[in-house]
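Student: I'd like to go over a predicted model; first the sequence, then the structure.
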Amino acid sequence: MKLKDLFKFKQKKSNTLSPEGLSDKELSDLWTQCSACKTTIYNADLKGNLMICPKCEHHFRIDSATRIGQLVDINTWQEINENIIASDPLNFTDLKPYTESIKAAKSRSGCTEAIITGFGKINNLEMALGIMEFNFLGGSMGSVVGERIARLAEEALKRQTPLVLVSSSGGARMHEGLLSLMQMAKTSAALTKLREHKILFVSVLADPTYGGVSASFAMLGDIIIAEPKAKIGFAGPRVIEETIRQKLPKGFQTSEYLLEHGQIDLVIHRKKMKETLATLISMHKK
Ligand SMILES: [Zn+2]
């Protein structure tokens with residue numbers, strides 16, 4: 001077969017229709033395969049089940065808008081600081097310029113940055129809420145993520161409102177070098193002020209929470225909650241194994257392992273997350 005024929009063959013294969021006459025694209029719009037148990041799930045059922053596999057309870061990663069819909073009372077969400085957007089202080093280029101990566105991340109995620117912050121009600125109780133968006137450059141923390149969290153914490157202090165942050169991140173944003181690492185100190189300082197004024201801060205860890213995020217604000221919650229089987233750690237397991245030249249224990253860096261070893265307080269099923277957060281907030285109401 002000639003090379004150009006191979007391309008034609010591949011093209012033809014990708015256009016193959018299912019017995020019902022649906023293309024691959026149409027099928028993937030309708031069905032999703034669970035990465036844990038390989039069950040094929042009808043997308044409408046998956047959405048109706050809060051993006052949890054009905055067979056094995058695997059929690060699929062969800063975007064920030066879906067998370068807001070699951071946690072915030074209807075018509076009460078108000079975003080703040082959405083106009084703070086990234087610049088390119090280092091004029092950074094890897095495979096492509098940083099500015100182009102941002103543009104692509106915006107159109108892919110529909111978000112202006114890797115975190116959305118604002119205020120809303122949860123079972124009729126006021127809360128400040130920040131939700132990281134993994135689809136925006138892997139939920140990486142750059143200057144804007146740090147600034148939005150710091151401002152949200154300051155506003156929560158002003159309004160005397162409990163703060164909830166939902167993390168889902170690969171860590172610091174390398175495109176901003178040292179400036180992204182500085183956000184660890186900035187967010188930690190802002191959260192310390194909340195603690196000094198006895199304002200509740202609950203940190204929710206979703207899959208995955210790694211690097212500079214787990215090494216700063218995500219682990220500073222007065223109460224730290226994780227979703228089941230979320231991967232949480234600083235460096236990935238392969239890097240650790242290569243560094244210490246030892247095999248890591250089974251279940252290392254999962255929510256359940258961290259709970260067993262006292263690093264987090266609760267592992268909560270997504271269906272019980274809103275109710276749990278609302279209970280915690282009402283218990284700490286001034
Ligand atoms: Zn499953």
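Tutor: Received, thanks.
Student: assumed residue 183 was part of a strand.
Tutor: No: the assignment for residue 183 is helix, going by DSSP: H, G, I helix; E, B strand; the rest coil, so no strand is present there.
Student: the stretch 1-150 of the chain against the ion: which residues are in contact?
Tutor: 34, 36-37, 39, 53, 55-56, 58 (C-beta under 5 Å from the ion). Every residue, glycine included, has its C-beta placed from N, CA and C.
Student: and the helices in the protein?
Tutor: 3-14, 24-30, 43-48, 64-71, 98-109, 143-159, 177-196, 211-214, 237-244, 255-260, 270-283 (DSSP state H).
Student: which elements pack onto the shortest one?
Tutor: Think helix 211-214. Where contact means 3 or more C-beta pairs under 8 Å, 6 or more residues apart in numbering; DSSP states H and E, helix 211-214 is packed against strand 163-169, helix 177-196.
Student: make a markdown table out of those and add mean pLDDT and mean neighbour count.
Tutor: Below are those laid out as a markdown table (pLDDT from 0 to 100; neighbours: other C-beta atoms under 10 Å):
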| stretch | mean pLDDT | mean neighbour count |
| --- | --- | --- |
| strand 163-169 | 98 | 28 |
| helix 177-196 | 97 | 17 |
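Student: right, and these - which one's nearest residue 280?
Tutor: Smallest distance to residue 280 across the helices and strands packed on helix 211-214 (C-beta to C-beta): 9.0 Å, for strand 163-169.
Student: what distance separates that closest one from the middle of the whole chain?
Tutor: Mean-position distance between strand 163-169 and its chain equals 7 Å (C-alpha atoms, centre = their mean, to the nearest Å).
Student: could you give the angle of that strand to helix 270-283?
Tutor: 150 degrees (axes from the mean of the first three to the mean of the last three C-alpha atoms, to 10 degrees).
Student: partners of strand 163-169, with directions?
Tutor: As defined by DSSP bridges, the strand partners of strand 163-169 come to strand 125-132 (parallel), strand 201-209 (parallel).
Student: which among those strands is found nearest to residue 147?
Tutor: Across the strands paired with strand 163-169, residue 147 has its closest neighbour in strand 125-132 (11.5 Å, C-beta to C-beta).
Student: buried residues in the closest one?
Tutor: For strand 125-132, the neighbour count (16 or more other C-beta atoms under 10 Å) marks 125-132 as buried.
Student: for stretch 240-257, same thing?
Tutor: Neighbour-count burial for stretch 240-257 flags 240, 253-255, 257 (criterion: 16+ other C-beta under 10 Å).
Student: next, the distance between the ends of it.
Tutor: Stretch 240-257 has an end-to-end distance of 16 Å (C-alpha to C-alpha, to the nearest Å).
Student: what does it rub up against?
Tutor: The contact list for stretch 240-257 (C-beta atoms under 8 Å, 6 or more residues apart in numbering) reads 205, 226-233, 235, 237, 264, 267.
Student: okay, who's weakest in the residues you listed by pLDDT?
Tutor: pLDDT is lowest at residue 237 among these; the value there is 90.
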